[in-house]
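Visitor: Mind looking at a prediction? Sequence and model below.
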Amino acid sequence: MAFTAEQEALIISSWNEMKDDAASFALKFFLRLFEIIPSSAKRFSFLRDSDLSLEKNPKLKAHAMSVFVMTCESATQLRKTGKVSVANTTLKKLGATHFKAGITDVHFEVLKFALLETVKEAVPYMWSDELKDAWGIAYDHMVGAIKSQM
């Protein structure tokens with residue numbers, strides 16, 4: 001099934017509503033992951049040796065924001081090309097990093113849940129099954145591209 005113009009528009013319009021506070025939402029998204037799977041924080045090399053709280057860790061904030069942005073960009077790529085296009089070197093690095101960290105399907109699924117809950121919290125007035133599906137499909141394709149290199 002092709003990613004539709006309507007799905008892309010839903011992601012873009014919801015992103016536009018969130019982007020002024022995207023860094024805060026992105027951090028919430030990862031903090032949800034750590035609430036559900038506390039041990040997952042240890043899988044991030046930049047968190048293992050940090051004395052900073054998760055909420056104040058600049059590397060976690062940057063990582064969370066990059067995942068949020070990559071998911072949004074995936075929607076546009078899906079609409080234009082039918083697949084997520086990550087630079088081959090970046091994709092190989094992402095695959096290797098996630099493999100080395102021992103990331104499994106469970107981690108990806110919990111992160112998807114956290115992403116969707118964060119979007120729902122960020123734009124409750126826009127939330128619908130269609131918006132949930134659009135973000136979920138974009139995320140699934142992004143993860144599929146990463147997993148193909150693991």
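Guide: The structure has been received and is ready for your questions.
Visitor: Okay, the residue of the chain positioned farthest from its centre and residue 111: tell me how far apart.
Guide: Distance from the C-alpha centroid of the chain, by Cα atoms, centre = their mean, peaks at residue 51 (24.9 Å). Per Cβ to Cβ, to the nearest Å, residue 51 is found 25 Å from residue 111. No exception for glycine: its C-beta is placed from N, CA and C like everyone else's.
Visitor: could you measure the residue farthest from the centre of the chain against residue 23, distance?
Guide: Taken as Cβ to Cβ, the span from residue 51 to residue 23 is 21 Å.
Visitor: helices and strands around whichever strand or helix holds residue 25, which ones?
Guide: Secondary-structure element containing residue 25, defined by DSSP states H and E: helix 22-36. The contact analysis (3 or more Cβ pairs under 8 Å, 6 or more residues apart in numbering; DSSP states H and E) places helix 22-36 against helix 58-81, helix 105-122.
Visitor: Mind listing what's buried along it?
Guide: Of the residues in helix 22-36, 22, 25-34 count as buried by neighbour count, 16 or more other Cβ atoms under 10 Å.
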